[in-house]
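**Q** Model the structure of this input:
(2 chains)
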There are 2 protein chains.
Amino acid sequence: MTTRPEEGLHMMPRKARPAAKPVTGWLDEAQQRAWLAYIKVQLRLVYEMNRQLQADSGMSLADWDVLTALGASESASLTVTALAAQIGWERSRLSHHAKRMASRGLVELMTAHSDRRATEVRLTAEGGAALEQAAPGHVELIKRLFFDGTPRDLLDPLSTALECVYANLLAQGSLPPPDNL
Amino acid sequence: MTTRPEEGLHMMPRKARPAAKPVTGWLDEAQQRAWLAYIKVQLRLVYEMNRQLQADSGMSLADWDVLTALGASESASLTVTALAAQIGWERSRLSHHAKRMASRGLVELMTAHSDRRATEVRLTAEGGAALEQAAPGHVELIKRLFFDGTPRDLLDPLSTALECVYANLLAQGSLPPPDNL
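**A** Predicted coordinates:
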């Protein structure tokens, strides 16, 4: 696979490198290969997941992220703060999005039991039904697009590498970590 | 790392699995581990990249994707169709976004030389300067958040696995592949 024009995705191509350099230098060859592979998957996969959910279930990938995080929580509800940390969003983005989902009946917003200054997002019966309806098609897409082409013996190193990236993202990133760590 | 509540991200948790099953069944254990690791990285990394670009360069990650693809092309310009395929967007999304970028002076839209029915997106001098200004900070972020925590000997298997995923995404996905394949 050539990466010629695509080498510019998310980084500067060699020929166009600006005078100013990153403090720690540009990516080396192995890093550049890994980053290009990662970012090309990310760009297309977000598009494909969103498209499948919209077409088959009338929901966006953002709706799906919110519904699955709530569906997997103990009481099918989380505070805005905890839910935002869980799915890697800013609180303000989640507040706006949750209001739109509430107007469609997928979630309810209420004062949290634990802290009356906090807002809780709760999965409704309708939201739970939408999640159940959407899940099989979403999982089929993931299996077909993400796993069909990947040899089994690469799954463990892939998982280990991405778990290292994630641990580092939590340690060095700007968002608070999720509660369950 | 526990994945308890997060096991629901982008898939159904075991306890809440609906009656309907995916035709090919749910993810097995190795697939579930890989998918969770991948999706957790994706969710946070998109947020972090967008935040850094907004704060340090006044551009969104979407602006960056468009500018880098143009900057890496032979003539600093691509048709809407070719550019959309390059960055994994739908043509309609790119058309709208490119118009907004044109109003900020970052790109120009013009009739393509090769095909007078096609629209070409061209990097302006201002867009090129914005790309040069933003590149070092973006690459520093990638090095710090993506590579600092990942052992060198995992980079090759990570790249190989993601290249397999990408090849399969092109073969089985709904978007046209980029021109350079």
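
**Q** From here on, just use CA atoms for contacts and neighbour counts.
**A** Noted.

**Q** and residue A:89, what is it in contact with?
**A** By Cα atoms under 8 Å, 6 or more residues apart in numbering or on different chains, residue A:89 lies in contact with B:43, B:44, B:47.

**Q** which residues in chain A form strands?
**A** A:77-79, A:107-111, A:119-123 (DSSP state E).

**Q** Using a markdown table, lay out the ones you listed together with mean pLDDT and distance to residue A:162.
**A** Listed next are the strands of chain A as a markdown table, based on pLDDT from 0 to 100; distance: least, Cα to Cα, whole Å:
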| stretch | mean pLDDT | distance to residue A:162 |
| --- | --- | --- |
| strand A:77-79 | 95 | 26 |
| strand A:107-111 | 96 | 31 |
| strand A:119-123 | 96 | 29 |
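
**Q** Name the stretch among those strands that sits most buried.
**A** Neighbour counts (mean count of other Cα atoms under 10 Å in any protein chain shown) averaged over each of the strands of chain A peak at strand A:119-123, with a mean of 24.

**Q** Out of the strands of chain A, which gets nearest to chain B?
**A** Closest approach to chain B among those is made by strand A:77-79 (10.8 Å; Cα to the nearest Cα).

**Q** contacting residues around the closest one?
**A** Counting by Cα under 8 Å, 6+ apart, A:70, A:71, A:112, A:118, A:119, A:120, A:121, A:122, A:123 sit against strand A:77-79.

**Q** Quick check: the gap between the closest residue to the fifth one other than its chain neighbours and residue A:67.
**A** Leaving out its chain neighbours, the residue that sits closest to residue A:119 by Cα to Cα, 6 or more residues apart in numbering or on different chains is residue A:111, at 4.8 Å. Between residue A:111 and residue A:67 the computed distance is 19 Å (Cα to Cα, to the nearest Å).

**Q** mind checking pLDDT for residue A:11?
**A** pLDDT, residue A:11: 57.

**Q** ditto for residue A:5
**A** 39.

**Q** same deal with residue A:27?
**A** The model's pLDDT for residue A:27 equals 95.

**Q** got the contact list for it?
**A** B:139, B:143.

**Q** for it, phi and psi?
**A** For residue A:27, the backbone dihedrals are phi -70, psi 140 (criterion: degrees, to the nearest 10).

**Q** Enumerate every residue touching the spatially most central residue of chain A.
**A** Centrality entry for chain A: nearest residue to the mean C-alpha point is residue A:87, 6.3 Å, by Cα atoms, centre = their mean. Neighbouring residues of residue A:87 by Cα under 8 Å, 6+ apart: A:65, A:66, A:69, B:9, B:40, B:43, B:44.

**Q** Among those residues, which has the minimum pLDDT value?
**A** residue B:9 (52).

**Q** buried sites along the longest helix anywhere in chain A?
**A** Secondary structure of chain A per DSSP state H: the longest helix is helix A:29-57. For helix A:29-57, a neighbour-count test (16 or more other Cα atoms under 10 Å in any protein chain shown) marks A:31-45, A:47-53, A:57 as buried.

**Q** Any part of that helix near chain B?
**A** Yes - with Cα under 8 Å from any Cα of the partner chain as the criterion, chain B is reached by helix A:29-57 at A:30-31, A:33-35, A:37-38, A:40-45, A:47-48.

**Q** farthest pair in the residues you listed?
**A** A:30 and A:48 (27.4 Å; Cα to Cα).

**Q** Could you point out which residue ranges in chain A have low pLDDT?
**A** For chain A, the stretches flagged by pLDDT under 70 are A:1-19, A:180-181.

**Q** now the helices for it?
**A** A:29-57, A:61-71, A:80-87, A:91-103, A:125-142, A:155-172.

**Q** With distance to residue B:97 as new columns, can the ones you listed be given to me in TSV?
**A** Shown next, in TSV, are the helices of chain A (distance: least, Cα to Cα, whole Å):
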stretch	distance to residue B:97
helix A:29-57	15
helix A:61-71	20
helix A:80-87	26
helix A:91-103	20
helix A:125-142	27
helix A:155-172	29
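
**Q** Just tell me which of the ones you listed ends up closest to residue B:24.
**A** The nearest among the helices of chain A, by Cα to Cα, is helix A:125-142 at 6.9 Å.

**Q** If you count contacts, what does that closest one end up packed against?
**A** Counting contacts by 3 or more Cα pairs under 8 Å, 6 or more residues apart in numbering or on different chains; DSSP states H and E, helix A:125-142 packs against helix A:29-57, helix A:61-71.

**Q** can you rerun that using 10 Å?
**A** With contacts taken as 3 or more Cα pairs under 10 Å, 6 or more residues apart in numbering or on different chains; DSSP states H and E, helix A:125-142 sits against helix A:29-57, helix A:61-71, strand A:107-111.

**Q** Check what contacts the shortest one and list those residues.
**A** Right, strand A:107-111. A:66-67, A:70, A:76-80, A:95, A:98-102, A:116-128 (Cα atoms under 10 Å, 6 or more residues apart in numbering or on different chains).

**Q** how about 8 Å then?
**A** With Cα under 8 Å, 6+ apart, strand A:107-111 has contacts from A:98-99, A:101-102, A:117-124, A:127.

**Q** now the angle from that strand to strand A:119-123?
**A** Between strand A:107-111 and strand A:119-123, the angle comes out at 150 degrees (axes from the mean of the first three to the mean of the last three Cα atoms, to 10 degrees).

**Q** what lines up beside strand A:107-111 in the sheet?
**A** strand A:119-123 (antiparallel) (DSSP bridges).

**Q** sorry, back to before: can you lay out the contacts of residue A:87 as CSV showing distance to residue B:106?
**A** Listed next are the contacts of residue A:87 as CSV, based on distance: Cα to Cα, whole Å:
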residue, distance to residue B:106
A:65, 32
A:66, 34
A:69, 38
B:9, 36
B:40, 32
B:43, 27
B:44, 27
